[in-house]
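Participant: Fold the following and give me the result.
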Amino acid sequence: MSIGTWLHTKLYGEKVGEDAYGNIYYKSKRKRFGNREERWVVYNGEVEASRVPPEWHAWLHHTTDAPLATPARPWIKPHQPNLTGTVEAYYPPGNDLRGGHRAKASGDYQAWTPEG
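Facilitator: Numbers count the residues shown, from 1 in each chain. Here you go, the predicted model:
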């Protein structure tokens with residue numbers, strides 16, 4: 001957290017809650033910006049917007065007045081950071097970084113070749 005964010009949080013912030021990842025959510029003590037409160041998050045560790053759960057995302061963007069209650073579902077997977085640009089990034093079959101080989105197209109495909 002930068003010194004500016006820390007100071008702003010100490011002077012103007014009121015803690016609202018914390019999520020499962022340890023991120024802490026704040027709102028301003030008084031109304032600002034067209035009679036609306038300011039809302040922000042102080043991340044636990046690396047600052048990455050994808051680490052904000054949906055219930056807190058809705059609250060941060062003034063969609064709801066309080067964080068939504070999210071029931072536990074067996075199909076909800078734990079957070080995985082955005083791996084784009086890392087060695088763990090997903091590359092589909094045929095991508096040059098996976099060897100550049102893809103499955104052959106069916107027999108009805110004919111590649112265009114220029115005349116000449």
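Participant: check contacts around the most centrally placed residue in the chain.
Facilitator: For the chain, the residue nearest the mean C-alpha position is S50 (1.4 Å; Cα atoms, centre = their mean). Shown in contact with S50 (Cβ atoms under 8 Å, 6 or more residues apart in numbering): 79, 81-82. All C-beta atoms are positioned from the backbone trio N, CA, C, and that covers glycine.
Participant: what about K27, which helix or strand?
Facilitator: Per DSSP states H and E: K27 is located in strand 24-28.
Participant: Determine the set of other helices and strands touching that strand.
Facilitator: Strand 24-28 sits against strand 13-18, strand 39-42, helix 54-60, with contacts defined as 3 or more Cβ pairs under 8 Å, 6 or more residues apart in numbering; DSSP states H and E.
Participant: Redo these as CSV? Include mean neighbour count, mean pLDDT and distance to A72.
Facilitator: Converted to CSV, the helices and strands packed on strand 24-28 look like this (neighbours: other Cβ atoms under 10 Å; pLDDT from 0 to 100; distance: least, Cβ to Cβ, whole Å):
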stretch, mean neighbour count, mean pLDDT, distance to A72
strand 13-18, 14, 92, 17
strand 39-42, 17, 93, 22
helix 54-60, 18, 90, 12
